[in-house]
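1. Sequence plus predicted model, see below.
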Amino acid sequence: MPLFRLEGDGAGARLVVAREKDIELESQLESWLENSPWALTGESLIWIGRQTSASGDDGIIRPDLLGVDYEGNLVIAELKRDRAPREVVAQLLEYAAWAKTFTDEEIHQIGDAYFQTRGEFQAAFCEEFDTDEVPPLNRSLRLFIVAQRIPDRILKVCQFLRDSHDMDINCIVVSTFETELGDVLVTTEAKVGGEEIASGKVRRRATPQIAQQSNEPPLTGVILDYGIPVRWSDERLVRDVVLEAARELTDGNTNVEFAPQELYAHVRTKDPDFKFGTVHGQLTAACPNAPSYIHHSGDYKYYWRVRNGVYRLYDPERDEVPEDEE
């Protein structure tokens, strides 16, 4: 199916076809995901390592990206620029066996080393997830294979590991397109995984998309929908469900403050299978003064961060972010 970019406004708008292009460097894909961690799952998470070195039975192993989600679970992503090779599953399982033994102290040490120029791991975790403390770490592992092409035999093996062994292993296909004007669009599709986010075990129909933020050879004019339009069977956007809950919680009053946990609890009164990370991710993605706010394509502004762990509804008449902070 071709991908198009909408050019122009109103009745004069037209569709510009985009041609698929290859990612030039594997490190380029690493940088995109490192700079946009929410793009992997649509949920908030932080990275604590890139190409973290460790001793394996056959020498040094280096997981591409190592992270932590809001529950303290470790996230491991193995990235391939082109076609994922057959041995990628064994490679990822080796990383999982290595990471499973980590203690809380060891994870803090890895995170501190990664954040050495930006503050320690605990501070970064509390800032990202609006909390005062880090939960117990490494209670579970979340594994990701990310590539431009993933063969069916790999997908079948990963689906088997999910279904028969309860492994949280996911396969994400990344596609890059370029329009005739040089605009670049990057999309992701969950081939295995994608996790149910609403009741009834309904799979996501659309997946979040990756922003290009990198020192690698540049791709220009990235056009993406940062509203993360994840849908379920009733066709509502997750973004709209969270916003509706925030308006109900505050009666639409932009002076009423609330914590992410309060918003999460309110969302769950109607949709009990929502995850906190999904709600928090939607909250910060549409909050222009939050660290995780995503610019471009609509610039959704629904919330305002009062201070760490406290938000209110966005008020366009008083809430402006200085240009040098955007």
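-> Sure, I can see it. Numbers count the residues shown, from 1 in each chain.
2. only C-alpha atoms for contact and neighbour calcs from this point on.
-> Noted.
3. How much space separates the residue nearest to the spatial centre of the chain from Glu128?
-> When Cα atoms, centre = their mean is applied to the chain, the residue found nearest the centroid is Trp38 (1.9 Å). Here Trp38 is placed at a distance of 11 Å from Glu128 (Cα to Cα, to the nearest Å).
4. list the residues that contact both of these two?
-> Here Trp38 and Glu128 have Ser44, Leu45 as joint contacts, going by Cα atoms under 8 Å, 6 or more residues apart in numbering.
5. Going by residue numbers, what spans are strands in the stretch 51-200 of the chain?
-> Listed in chain order, the strands of the stretch 51-200 of the chain (DSSP state E, counting those that start in this stretch) span 54-56, 59-61, 65-69, 74-83, 141-149, 169-179, 184-192.
6. try the stretch 201-326 of the chain
-> 303-307, 310-313.
7. Going by mean pLDDT, which of the ones you listed comes out lowest?
-> Sorting the strands of the stretch 201-326 of the chain by mean pLDDT places strand 303-307 lowest, at a mean of 91.
8. Name the residues of it that come out as buried.
-> Tyr303, Trp304, Arg305 (16 or more other Cα atoms under 10 Å).
9. wait, isn't the first one in contact with Val310?
-> No - applying Cα atoms under 8 Å, one finds Tyr303 not in contact with Val310, separated by 10.4 Å.
10. Any stretches of the stretch 101-250 of the chain with poor pLDDT?
-> Scanning the stretch 101-250 of the chain for pLDDT under 70 picks out the ranges 117-119, 194-235.
11. hey, where'd the helices end up in it?
-> Along the stretch 101-250 of the chain, the stretches classed as helices by DSSP state H, counting those that start in this stretch are 104-114, 121-129, 152-165, 238-250.
12. what packs against the second one?
-> In this structure, helix 121-129 packs against strand 45-50, helix 104-114, with contacts taken as 3 or more Cα pairs under 8 Å, 6 or more residues apart in numbering; DSSP states H and E.
13. Output the strands of the stretch 201-326 of the chain as JSON lines; include the columns distance to Pro260.
-> What follows is the strands of the stretch 201-326 of the chain, written out as JSON lines (distance: least, Cα to Cα, whole Å):
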{"stretch": "strand 303-307", "distance to Pro260": "11"}
{"stretch": "strand 310-313", "distance to Pro260": "7"}
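14. No further queries at this time; thank you.
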